[in-house]
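>>> task: produce atomic coordinates for the following.
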Amino acid sequence: MAAQTREKFSSQASPEVLSALRSIAESEGRQFQAVLDEALRDYIERKTKGRPRRHVMEAFADSLGEFDELYRELAK
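Residues are numbered from 1 along each chain as shown. This next block holds a predicted model:
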């Protein structure tokens, strides 16, 4: 595995979050920075790739408006 370039940054987090990350790193035998990097990547992926496209959400909202009563009946 090739070495990755790293960039230092400074931030703050709650003690609980940092403690949980340290515990995960220790239990998995990994470095803290590797666990933090994975957590940040997962967050970015969830925020950028997990979002439905705007036109899909607009069509869904239109559908709810048009078929709300039917959806409620089907949910029973």
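
>>> Leu18 versus Gly50, what's the distance?
25 Å (CB to CB, to the nearest Å). Any C-beta I mention is one placed from the backbone N, CA and C, and that applies to glycine too.

>>> so between the two, which is more surrounded?
Per other CB atoms under 10 Å, whichever of Gly50 and Leu18 has more neighbours is Leu18, with 13 against 7.

>>> where's that one, which helix or strand?
helix 15-28 (DSSP states H and E).

>>> and the next element down the chain from that helix?
Remark: after helix 15-28, the chain's next helix or strand is helix 32-49, criterion DSSP H and E.

>>> what residues sit buried inside that next one?
Across helix 32-49, burial judged by 16 or more other CB atoms under 10 Å covers 35-36.

>>> that helix to helix 15-28, inter-axis angle?
Going by axes from the mean of the first three to the mean of the last three CA atoms, to 10 degrees, helix 32-49 is angled at 110 degrees with respect to helix 15-28.

>>> what's the pLDDT at His55?
If you check His55, the pLDDT there is 82.

>>> now the helix or strand encompassing it, how far from the centre of its chain.
Element membership for His55 (DSSP H and E) is helix 54-75. Remark: helix 54-75 is offset 26 Å from the chain centroid, using CA atoms, centre = their mean, to the nearest Å.

>>> list the helices and strands the helix holding Leu18 packs on?
In this structure, helix 15-28 makes packing contacts with helix 32-49, judged by 3 or more CB pairs under 8 Å, 6 or more residues apart in numbering; DSSP states H and E.
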